[in-house]
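> here is my input, please return the structure:
(chains A and B)
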Amino acid sequence: MTTTTEAAPPEVIPLPPTKPRRKLTAYWLLLPGIAWLVVFFAVPMVYQGSTSLQTGSLEQGFRLTWHFATYWDALAEYKWHFVRSFSYAAIATALCLAVGYPLAYTIAFKANRRWRNVILILVIAPFFTSFLIRTLAWKTILSDGGPVVSALNTLHVLGITDAIGLTSGHRVLATPLAVVCGLTYNFLPFMILPLYTSLERIDPRLHEAAGDLYARPFTTFRKVTFPISLPGVVAGTLLTFIPASGDYINAQLLGSPSEQMVGNGIQKQFLNVLDYPTAAALSFILMALILGMVTVYMRKAGTEELV
Amino acid sequence: MSRVFKWIREHLAVLAGILALAYLVLPNLVVFAFSFNKPVGKFNYEWSQFSTDAWTSPCGVADMCGSLSLSLQIALLATIGATVLGTMVAFALARYRFRGRAATTALIFLPMAMPEVVMAASLGTLFLNMRIQFGFLTILIAHIMFCLSFVVTAVKARVMSMDPRLEQAAQDLYATPAQTFLRVTLPLAAPGIAAGALLSFALSFDDFIITQFNSGPTTVTFPMFVWGASQRGIPVQVNVIGTAMFIAAVALTVAGQWIGNRRKAQA
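Numbering: from 1, shown residues only, chains lettered A, B, ... in the order given. This next block holds a predicted model:
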């Protein structure tokens, strides 16, 4: 993601066989970083599993009682939150792909060197601006009397989206559409950058060759460009879907209580209700579902190591 | 008319790309425009009147600039921590064969494949149960944790593409291992390390979810301030800071590319 402007390494030079003494160096290099991740990432993950099975209160302390009922209660209370999380994230990911692909394609093939850098900066620059402020800007853009809503109403688009439940009352704010729009916006750069990285590596002569073989531009895209860019598509969809399904900021700022996602539930249980077992159970379920989906998806998509 | 359609069809990808870019940039333009607003009431969502008040007194809001400086401190320290630890791990992964390599790679990958809220809640639960006081230190620990993987990925990609023969050549010319590392290896790896550090800074500075779960009530970073303000009433100064950050980021990136281009031209 960060090496987007650099060309692919020219060739891989095999490592010389490592001597035993140097092996020790490797462990010393790994130790601090890996210890940090074990203590502050892996251990909390396991610990969370145990917390989710505890009962008690903040005053009296929590004890491990293998209380599996927490899971059923959490699922019963938050099942629609899960449904919303994954469907909003899926729609946002699809939209990111639809919106991001043409832009990545334009940067990779249609822009000259100078423009390419300008556009890349514009794609990356939002990373450095507080995303909360930018998300709040959507409140202005999508406000009830604003130009976007007026235009959509004039074109009767909101009538249709009202009918299918994406919006309600001829407005956009505080509806699923606003939340999906915010999610798409927030994670779009995560889609564009891997797409661009994989598109940029394509030799333009392949396009010429396809044209020489009487392929129409769309056929060239379908049979040459898109298949080669698949690793970028897989990386981009993962980088969009995973954070989007755990997000609660867009639902909170742009939605109403009926658009709340799992993240909102975890946040509420952890920070307001102080029911840590339920928060832990919810986040454990979320993690398990996502890991499951990612594993299946990566098997199907058939890409190697992403790191 | 048919010529217009033909033109549109031929430039469909570029037109769609421009629309996508507009979608990405629009909120920044709104933030910029509304930094000159003089809103009626507490919220800055509707345009009322042009004013430069916010720009002339950017710190005129209680607590905002304090939170900004706290965010900068945390981002700086988290960047240093994550870059040092991450670079070491990246070198180990790129340069050595060792047992437990697959497990290490998985441990690096998992934080990037985990929704932030899951990491946030689990780390918060750990701190809570260990009775560790939430505050500056807990935020810093959390930020180093999630920035580390990104540094490893950036630096590892760079080190893998470096030619190990350059280091062998240095040693053939009687450079000590320390000299080789400082004069050859480190300068070659620098762009990857810089990319990882910049990304860490941006991620840490802008982080909200993990910070919200791991900060006490009294440690308010800038994103936490904005979140609080979005519920109580948003001062226009927030837009000033947002715009200034955007301009600074663009300027930094442009300067970085300019230096890079000059270096390439010299080489």
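> alpha carbons only for contacts and neighbour counts from here, please
OK.
> thought A:Cys181 was touching A:Ala92?
Yes. Applying CA atoms under 8 Å as the test, A:Cys181 and A:Ala92 come out as touching, 7.3 Å apart.
> neighbour-wise, which of these two wins?
Using other CA atoms under 10 Å in any protein chain shown, the more surrounded residue of A:Cys181 and A:Ala92 is A:Ala92, with 28 against 21.
> name the helix or strand for that one, please.
helix A:69-105 (DSSP states H and E).
> ok, now which ones touch residue 126?
In the absence of a named chain, this looks at chain A. B:Val25, B:Asn28, B:Phe246 (CA atoms under 8 Å, 6 or more residues apart in numbering or on different chains).
> not quite, go with chain B.
Counting by CA under 8 Å, 6+ apart, the residues that B:Leu126 touches are A:Pro44, A:Tyr47, A:Gln48.
> which of the residues you listed fall in helices?
Judged by DSSP state H, the contacts of B:Leu126 include A:Pro44, A:Tyr47, A:Gln48 as members of helices.
> which residue ranges form the helices in the stretch 151-300 of chain A?
Taking DSSP state H, counting those that start in this stretch as the criterion, the stretch 151-300 of chain A carries its helices at A:157-163, A:176-200, A:204-212, A:217-220, A:226-228, A:230-246, A:249-254, A:262-267, A:276-301.
> could you do chain B as well?
Under DSSP H, chain B gives helices at B:2-10, B:12-34, B:53-56, B:64-95, B:101-109, B:116-129, B:136-160, B:164-172, B:177-180, B:186-206, B:209-214, B:222-232, B:237-266.
> and the longest one with chain A, contact?
Right, helix B:64-95. Yes. Contact of helix B:64-95 with chain A (CA under 8 Å from any CA of the partner chain) involves B:Leu85, B:Gly86, B:Met88, B:Val89, B:Phe91, B:Ala92, B:Leu93, B:Arg95.
> for that helix, what is the average pLDDT?
On average, the pLDDT along helix B:64-95 is 95.
> again with the last one
Averaged across helix B:237-266, the pLDDT comes to 84.
> which stretches of the stretch 1-150 of chain B have low pLDDT?
Scanning the stretch 1-150 of chain B for pLDDT under 70 picks out B:1.
> closest residue of it to chain A?
B:Gly17 (3.8 Å; CA to the nearest CA).
> ok, that residue touching A:Thr106?
Yes. Using CA under 8 Å, B:Gly17 is in contact with A:Thr106, at 6.0 Å.
> please see if stretch A:277-296 touches chain B.
Yes. Under the criterion of CA under 8 Å from any CA, stretch A:277-296 makes contact with chain B via A:Ala279, A:Ala280, A:Ser283, A:Phe284, A:Leu286, A:Met287, A:Ile290.
> show me just the buried residues among those residues.
A:Ala279, A:Ala280, A:Ser283, A:Phe284, A:Leu286, A:Met287, A:Ile290 (16 or more other CA atoms under 10 Å in any protein chain shown).
> mind putting the helices of chain B into a markdown table with distance to A:Leu206?
Shown next, in a markdown table, are the helices of chain B (distance: least, CA to CA, whole Å):
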| stretch | distance to A:Leu206 |
| --- | --- |
| helix B:2-10 | 19 |
| helix B:12-34 | 18 |
| helix B:53-56 | 52 |
| helix B:64-95 | 32 |
| helix B:101-109 | 33 |
| helix B:116-129 | 40 |
| helix B:136-160 | 26 |
| helix B:164-172 | 32 |
| helix B:177-180 | 41 |
| helix B:186-206 | 30 |
| helix B:209-214 | 44 |
| helix B:222-232 | 46 |
| helix B:237-266 | 28 |
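> which stretch among the ones you listed comes nearest A:Phe68?
helix B:116-129 (18.0 Å; CA to CA).
> give me the neighbour count for the closest residue to A:Pro189 other than its chain neighbours.
Nearest residue to A:Pro189, sequence neighbours excluded (CA to CA, 6 or more residues apart in numbering or on different chains): A:Val123, at 6.1 Å. The tally of other residues near A:Val123 (other CA under 10 Å) stands at 21.
> with the one 5 residues further on instead?
Per other CA under 10 Å, the neighbour tally for A:Phe128 reads 21.
> helices or strands next to the helix holding A:Ala92 in the packing?
helix A:176-200, helix A:230-246, helix A:262-267, helix A:276-301, helix B:12-34 (3 or more CA pairs under 8 Å, 6 or more residues apart in numbering or on different chains; DSSP states H and E).
> now do the longest one and helix A:69-105, the angle between them.
This points to helix A:276-301. 40 degrees (axes from the mean of the first three to the mean of the last three CA atoms, to 10 degrees).
> give the buried residues for helix A:276-301.
A:276-287, A:290-291, A:294.
> that one vs helix B:116-129, what angle?
140 degrees.
> next: the second one.
Taking the same axes, to 10 degrees, one finds helix A:230-246 and helix B:116-129 inclined to each other by 50 degrees.
> got the contact list for the nearest residue to A:Ala244 once chain neighbours are set aside?
Once flanking residues are discounted, A:Ala244 sits nearest to A:Ala89: 5.1 Å by CA to CA, 6+ apart. Neighbouring residues of A:Ala89 by CA under 8 Å, 6+ apart: A:Val180, A:Leu183, A:Thr240, A:Phe241, A:Ile242, A:Ala244, A:Ser245.
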